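Undergrad: got a predicted structure here, sequence first:
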Amino acid sequence: VYEDLRRKEKLAVIGQMATAVAHEIKNPLSALKGFTQLQQEKDKGDDQYYPIMLNEIDRINGIVNDLLILGKPNTAIKKPKKIEEIIQYVISVIDPHAQRKDIDIILDTKDSAVLLCDENQLKQVFINLIKNAMEAMPEGGTVTIRTKTKDNMVEVSVIDEGCGIEPDKLAKLGEPFYTTKQSGNGLGLMVTKKIIEEHGGGIVIDSALGKGTQVTINIPS
Ligand code: ADP
Ligand code: MG
């Protein structure tokens, strides 16, 4: 019991430090991004490195935002909202990018459900899940998002036809910084899980290697 307490204390301190550092990084990072964009406009002719620089700055920003979400206690501001509208919005943002990768995103809704939820946090959840689904299908394919309501629960599944996950790796998902990707940060599922749990819900991942993955979240309505 003592060891366990010590471990929890250590994790709490690491969490507070991560939050403090993440917070300090945000301002200089946004200055860096702004000046990089300015310089890009000035140097119209020779711009091959700017998109890479801006992309990498966005990547740091993504990690910092994830750390800030993970480090804070429950910050959800819940209001009634139709879950389909949230999903539809996320699809409209991602779709142009998906089309370029030969990926179709389909929303299959049985019945519309109103949820007491933090809209921005749930947007983040669906962005994370759809991005993972797309990254699992480098050759293209279909991402199906299926929503159902049953027994005071709203269930949303994000289904892909991608590479799948090896059975012995399933247990590692959601561990901080666990990633199998070149440019992944291994925080997406952890953030997703935290947000869903703060809504009183849960997340289940089913996967068949080489066939695809289905991530299902349940939120009480
Ligand atoms: P990241 O996407 O940055 O790697 P995540 O936390 O989102 O971090 O995911 C962790 C790992 O889980 C991924 O690197 C990948 O190996 C695996 N994974 C998650 N979603 C899927 C999926 N839909 N298909 C295959 N593998 C997945
Ligand atoms: Mg991810």
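TA: Received the coordinates, thanks. Ligands and ions are numbered 1, 2, ... in the order given.

Undergrad: residues in contact with the residue positioned nearest the centre of the chain?
TA: The residue lying closest to the centre of the chain (C-alpha atoms, centre = their mean) is residue 128, at 2.3 Å. Counting by C-beta atoms under 8 Å, 6 or more residues apart in numbering, residue 128 touches 188-189, 191-192. No exception for glycine: its C-beta is placed from N, CA and C like everyone else's.

Undergrad: dump those residues to JSON lines, plus neighbour count.
TA: Shown next, in JSON lines, are the contacts of residue 128 (neighbours: other C-beta atoms under 10 Å):
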{"residue": "188", "neighbour count": "22"}
{"residue": "189", "neighbour count": "21"}
{"residue": "191", "neighbour count": "21"}
{"residue": "192", "neighbour count": "24"}
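
Undergrad: where along the chain do the helices fall?
TA: Ranges of helices in the chain, per DSSP state H, are 2-42, 50-71, 83-100, 119-135, 167-170, 188-198.

Undergrad: need the ones you listed in JSON lines with mean pLDDT and distance to ligand 2, can you?
TA: Formatted as JSON lines, the helices of the chain follow (pLDDT from 0 to 100; distance: least, C-beta to the ion, whole Å):
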{"stretch": "helix 2-42", "mean pLDDT": "87", "distance to ligand 2": "18"}
{"stretch": "helix 50-71", "mean pLDDT": "91", "distance to ligand 2": "10"}
{"stretch": "helix 83-100", "mean pLDDT": "96", "distance to ligand 2": "13"}
{"stretch": "helix 119-135", "mean pLDDT": "96", "distance to ligand 2": "4"}
{"stretch": "helix 167-170", "mean pLDDT": "92", "distance to ligand 2": "14"}
{"stretch": "helix 188-198", "mean pLDDT": "94", "distance to ligand 2": "3"}
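
Undergrad: I'd like those helices laid out as CSV, including distance to residue 211.
TA: Output for the helices of the chain, formatted as CSV (distance: least, C-beta to C-beta, whole Å):
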stretch, distance to residue 211
helix 2-42, 36
helix 50-71, 29
helix 83-100, 20
helix 119-135, 13
helix 167-170, 13
helix 188-198, 20
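
Undergrad: okay, those helices in TSV with distance to ligand 1 next?
TA: Shown next, in TSV, are the helices of the chain (distance: least, C-beta to the nearest ligand atom, whole Å):
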stretch	distance to ligand 1
helix 2-42	16
helix 50-71	9
helix 83-100	14
helix 119-135	3
helix 167-170	7
helix 188-198	3
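
Undergrad: who wins for proximity to residue 220 among the ones you listed?
TA: helix 188-198 (10.8 Å; C-beta to C-beta).

Undergrad: show me what contacts residue 118?
TA: 76-79, 195, 198-199.

Undergrad: that older thread, farthest pair in the contacts of residue 128?
TA: 189 and 191 (7.3 Å).

Undergrad: would you mark the buried spots in stretch 66-77?
TA: Going by neighbour count (16 or more other C-beta atoms under 10 Å), the buried part of stretch 66-77 is 66-71.

Undergrad: how about these, which pair is most distant?
TA: Across those (C-beta to C-beta), the longest gap, 9.5 Å, separates 66 and 71.

Undergrad: and the gap between residue 127 and residue 9?
TA: Counting by C-beta to C-beta, to the nearest Å, the separation of residue 127 from residue 9 is 33 Å.
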